[in-house]
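J.: predicted model and sequence below, questions to follow.
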Amino acid sequence: ARENAWHAGISLDVVPGIAESLPLDSGSVDVVVATMLLCSVADRAAAVKEMHRILRPGGRLVMVEHVQAPKGSALRLLQTAFNPLQRRVMHGCRLLNDPMRFVADAPFRELEAAHFTLGDDGVALGRSGWQTASASGWSPADGPPPPHFLLSPHLALIAKA
């Protein structure tokens, strides 16, 4: 990451830590980027509050997460069945992941979010809130499931501190 940032002319500091207790000063960060993170964090609410804490006023949280499928869908039933095994084998990763509730509970001033499924065309974040490309993920009517179909659908969001 450092080498790529250097070649792009970007100043980058990589600081090791854990999401629930970040070793950074309050209001010291312009952007937090979190991809496929909250599914594996022990205390997701604390992690999102930490992300908000370290952001300067006007700073942005950019997040992409896999999320649980809608209740009652075939995919949600499969996610529920496989979740215990997934958590044991994949370092705590939850198939039944709902990061939006933790972000919504944090004191962000603005929030733009969209559901999508990998492979969908035209996914965009809208100022009016949710714009759904495909909020349901894979279903049996789609034919054979793609690789990693249990990690579908996804959520992309930008939140402003």
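T.: Alright, I've got the coordinates. Numbers count the residues shown, from 1 in each chain.

J.: what's around V29, how many residues?
T.: When neighbours are counted by other CB atoms under 10 Å, V29 registers 20. For the C-beta atoms, the positions are set from N, CA and C on the backbone; glycine is no exception.

J.: in the sheet, who's paired with it?
T.: L55 (DSSP bridges).

J.: give me the distance between it and R76.
T.: 35 Å (CB to CB, to the nearest Å).

J.: and the longest helix for this structure?
T.: Secondary structure of the chain per DSSP state H: the longest helix is helix 74-89.

J.: following it, which helix or strand comes up?
T.: Next in sequence after helix 74-89, counting helices and strands by DSSP states H and E, comes helix 99-105.

J.: and that following helix, how far out from the chain's middle?
T.: Centroid displacement of helix 99-105 relative to its chain, using CA atoms, centre = their mean, to the nearest Å, is 10 Å.

J.: look at the residue most central in space within the chain and tell me its secondary structure.
T.: Residue closest to the average C-alpha location in the chain (CA atoms, centre = their mean): E65, at 2.6 Å. Following DSSP: H, G, I helix; E, B strand; the rest coil, we place E65 in the strand state.

J.: now do the contacts for it.
T.: Applying CB atoms under 8 Å, 6 or more residues apart in numbering to E65 gives the contacts 34-39, 97, 99, 154-155.

J.: can you rerun that using 10 Å?
T.: By CB atoms under 10 Å, 6 or more residues apart in numbering, the contact set of E65 is 34-39, 44, 97-100, 103, 151, 154-157.

J.: are any of the residues you listed buried, and which?
T.: 34, 37-39, 44, 97, 99-100, 103, 151, 154-157 (16 or more other CB atoms under 10 Å).
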